[in-house]
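Chemist: generate coordinates for the sequence data below:
(2 chains)
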Number of protein chains: 2
Amino acid sequence: MIMVKTVIVGYGNIGKAVYDALSAAPDMSVAGVVLRDREKAREKGVPEGVPVFEDVSEPGTADVAILCVPSRSVPNEAVKYLAKGIHTVDSYDLHGEAMLILYNTLDTIGKKHNSVAVIGMGLDPGVDTLIRGIFETAAPKGISYTNFGPGMSMGHTTVVKSIEGVKNGLSVTLPLGAGLHRRMVYVEIMDGYDFDTISDTIKKDPYFVKDETHVIQTNDVSALQDVGHGMNIERKGVSGKTDNQLFNFDMRVNNPAVTAQIMVAAARAAMRQKPGCHTPLDIPVADMLYGGRDDLIRRLV
Amino acid sequence: MIMVKTVIVGYGNIGKAVYDALSAAPDMSVAGVVLRDREKAREKGVPEGVPVFEDVSEPGTADVAILCVPSRSVPNEAVKYLAKGIHTVDSYDLHGEAMLILYNTLDTIGKKHNSVAVIGMGLDPGVDTLIRGIFETAAPKGISYTNFGPGMSMGHTTVVKSIEGVKNGLSVTLPLGAGLHRRMVYVEIMDGYDFDTISDTIKKDPYFVKDETHVIQTNDVSALQDVGHGMNIERKGVSGKTDNQLFNFDMRVNNPAVTAQIMVAAARAAMRQKPGCHTPLDIPVADMLYGGRDDLIRRLV
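Modeler: Numbers count the residues shown, from 1 in each chain, chains lettered A, B, ... in the order given. Presented below is the predicted three-dimensional model:
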């Protein structure tokens, strides 16, 4: 069996969960963890015996870099690896025009350096993208609603934590139906910072500006944390000339665990794609699965 | 825009629904319908103005033949078209070893004649295959259950109707949970045939032999017919080292309409695949969708 050699870039919630998912996969190996500050490796929980690199030039023989960094760092990190001929996987979660810009940027670089970028591979985008695509395949006319929560949004929480003066933060998403959401943001604030200013910064951030957002000050964010998340996608649409075709998808999951698992599946798939950039919609499901073709046909088709 | 030229092979429930789905698709055209008995075209409901061919040699310029014939006729029909360089799409619904045999047969012929076969494209296999694959991607360890119904099974109904002495038949599937099913078969019998013999033949057929099957004689099967169908797939599994990851998919649909819609999407995808055979797991979702890449990324990723 060919083993896929990976490096994990960043070692927060997702990086740790990626390590677990890689350990559980028979065909994947961990060549190392990339951390800006190598000294912090053990403190961050990198297991003993796993090599830690400080720089992109060190991985050397890795096939795929799994980028477990905040979305906003993804474009720069991805470019560095792709330019060295190392494939990348990310769970970049800015939708719409931002995703298209990332796609075009990484597609050009990947094609130039014979490397593969798989972008937007997590819960949403990722699993949800595939579900939305399949629902639209089955009923091309109609409306799909993606309803998040109740649960912690990792992307939004990262944004909150990155704001100056925020000691710790948590963004919880509540579904209001029809794809509308309320965001409950809990923040612990550093001494000398003003709550109202921080609240305002959060509400004006592109991640929050479109939704009803409430910011609440608290003394202990960690007491509120639970990484379980819910997700629902519903579509009522038309197949051919037949209306009222109903589709529903529900997921209740540990968010970092499933995000990491999808990223590891995407790392496997990266080995099987042409150079350039690929979204979840461009990857055959078989390429993400472990197992021989005959076995997959017998079990899943 | 490049139009995909299709022929519809067979014009029963699925053939008719495929015509509807093709008519609704901006990028697909109907080059004709293939019927063994051309005289029956209008009686079967082929619309005026649609060319009717009796033989595989006639379609000529079609890109894709959409095979709306019983599963058991699929292998022979597919081979005929593929050997002429015409792509094929089917909703072959025998799982396991039979699917693998079809895959290998059509893969060889497609590669030899530079044509593409897309197999198993309907509800199950088809939509369900993709969902099962995605669920396993997100949680590689665990158990998935596919629960059908309540509703009419088209594949099973076709098998019932094909049995000698059966005037009309209907096979309804009821879910018993955990992927187990009860099959209620309603039959109208021709004069001079024995009900018990027919009931026995049905129960011993590979389509029925594994399930609890009840065969009921009735005077008017048509009064019972409703092509609505239900489908549920559930998985509880493990992502990385995290248990209790829950996934659920539900669909309540007009069965021929959605089957046909998926087949039309597969015909579109056939134009974008390499020669050989492809299952639902081998087709990127984007290839099944109408619309430009940029639009798909903006809307669905």
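
Chemist: residues from the stretch 101-250 of chain A in reach of chain B?
Modeler: Contact residues (CB under 8 Å from any CB of the partner chain) of the stretch 101-250 of chain A with chain B: A:103, A:120, A:125, A:127, A:129-134, A:136-141, A:238-242, A:244-250. Placement of C-beta: from N, CA and C, glycine included.

Chemist: any idea how far the residue of the stretch 51-200 of chain A found nearest chain B is from B:Ile131?
Modeler: Closest contact between the stretch 51-200 of chain A and chain B, by CB to the nearest CB, is at A:Gly133 (3.8 Å). Taking CB to CB, to the nearest Å as the measure, A:Gly133 falls 12 Å from B:Ile131.

Chemist: of those two, who's got more company?
Modeler: More neighbours surround B:Ile131 than the other of A:Gly133 and B:Ile131, with 27 against 24 (other CB atoms under 10 Å in any protein chain shown).

Chemist: separation between the more buried one and B:Met251?
Modeler: Taking CB to CB as the measure, B:Ile131 falls 9 Å from B:Met251.

Chemist: do A:Asp191 as well
Modeler: A:Asp191 is 54 Å from B:Met251, where distance means CB to CB.

Chemist: please identify which of these two sits among more neighbours.
Modeler: More neighbours surround B:Met251 than the other of A:Asp191 and B:Met251, with 25 against 6 (other CB under 10 Å).

Chemist: helix or strand: which one has the more buried one?
Modeler: Using DSSP states H and E, B:Met251 sits within strand B:242-254.

Chemist: now do the buried residues in that strand.
Modeler: Across strand B:242-254, burial judged by 16 or more other CB atoms under 10 Å in any protein chain shown covers B:Thr242, B:Gln245, B:Phe247, B:Asn248, B:Phe249, B:Asp250, B:Met251, B:Arg252, B:Val253, B:Asn254.

Chemist: so who does the residue lying farthest from the centre of chain A touch?
Modeler: Most distant from the centre of chain A: A:Lys241, at 36.7 Å, with distances by CA atoms, centre = their mean. By CB atoms under 8 Å, 6 or more residues apart in numbering or on different chains, A:Lys241 lies in contact with B:Asp20, B:Ser23, B:Ala24, B:Ala257.

Chemist: same question for A:Gln225.
Modeler: Listed by CB under 8 Å, 6+ apart, the contact set of A:Gln225 reads A:Met152, A:Leu170.

Chemist: let's see it at 7 Å
Modeler: Going by CB atoms under 7 Å, 6 or more residues apart in numbering or on different chains, A:Gln225 touches A:Leu170.

Chemist: how about A:Gly15?
Modeler: Applying CB under 7 Å, 6+ apart to A:Gly15 gives the contacts A:Ile8, A:Cys68.

Chemist: what's the spacing between it and B:Ala286?
Modeler: Remark: distance between A:Gly15 and B:Ala286 (CB to CB) = 29 Å.

Chemist: now A:Lys40
Modeler: For A:Lys40 relative to B:Ala286 (CB to CB), the value is 40 Å.

Chemist: who has more neighbours, those two?
Modeler: Set A:Lys40 next to B:Ala286 and count neighbours by other CB under 10 Å: B:Ala286 wins out with 23 against 13.

Chemist: give me the phi and psi angles of the most centrally placed residue in chain A.
Modeler: By CA atoms, centre = their mean, chain A has its centre lying nearest to A:Ser91, at 2.7 Å. Here is the backbone geometry of A:Ser91 (degrees, to the nearest 10): phi -120, psi 40.

Chemist: could you find the closest non-adjacent residue to it?
Modeler: A:Gly122 (3.2 Å; CB to CB, 6 or more residues apart in numbering or on different chains).

Chemist: what of A:Asp63?
Modeler: Closest residue to A:Asp63 apart from its sequence neighbours, by CB to CB, 6+ apart: A:Lys5 at 4.8 Å.

Chemist: work out for me the element that neighbour sits within.
Modeler: strand A:4-9.

Chemist: let's see the distance spanning stretch A:209-228 from one end to the other.
Modeler: Taking CA to CA, to the nearest Å, the first and last residues of stretch A:209-228 lie 24 Å apart.

Chemist: how far does it sit from the chain's center?
Modeler: From the chain centre to the centre of stretch A:209-228 is a distance of 20 Å (CA atoms, centre = their mean, to the nearest Å).

Chemist: before we move on, what about stretch A:275-283?
Modeler: For stretch A:275-283, the distance to the chain centre is 15 Å (CA atoms, centre = their mean).

Chemist: and it, average pLDDT?
Modeler: Stretch A:275-283 shows a mean pLDDT of 98.

Chemist: check stretch A:223-236 too.
Modeler: The average pLDDT for stretch A:223-236 rounds to 96.

Chemist: next: stretch A:27-38.
Modeler: For stretch A:27-38, the mean per-residue pLDDT is 94.

Chemist: one more: stretch A:156-166?
Modeler: For stretch A:156-166, mean pLDDT is 95.

Chemist: buried residues in it, which are they?
Modeler: Buried residues in stretch A:156-166, counted by 16+ other CB under 10 Å: A:His156, A:Thr157, A:Thr158, A:Val159, A:Val160, A:Lys161, A:Ile163, A:Val166.

Chemist: just the ones of those residues in helices?
Modeler: The helices, defined by DSSP state H, take in A:His156, A:Thr157, A:Thr158, A:Val159, A:Val160, A:Lys161 from these.

Chemist: the last one: what's it in contact with?
Modeler: Counting by CB under 7 Å, 6+ apart, A:Lys161 makes contact with A:Asn168, A:Gly169.

Chemist: just the element for A:Gly117, please.
Modeler: Careful, residue A:117 is Ala and not Gly. Here A:Ala117 is covered by strand A:116-118, with elements defined by DSSP H and E.

Chemist: again but with A:Ile262, I slipped
Modeler: helix A:255-270.

Chemist: in its sheet, what does the next helix or strand after that helix sit against?
Modeler: With elements assigned by DSSP H and E, the helix or strand that comes after helix A:255-270 is strand A:276-278. Within its sheet, strand A:276-278 is paired with strand A:116-118 (parallel), according to DSSP bridges.

Chemist: tell me the mean pLDDT for the strand it pairs with?
Modeler: Strand A:116-118 shows a mean pLDDT of 98.

Chemist: what does it contact?
Modeler: Defining contact as CB under 7 Å, 6+ apart, one finds that strand A:116-118 is touched by A:78, A:82, A:87-89, A:106, A:110, A:266, A:269-270, A:273, A:275-278, A:283.
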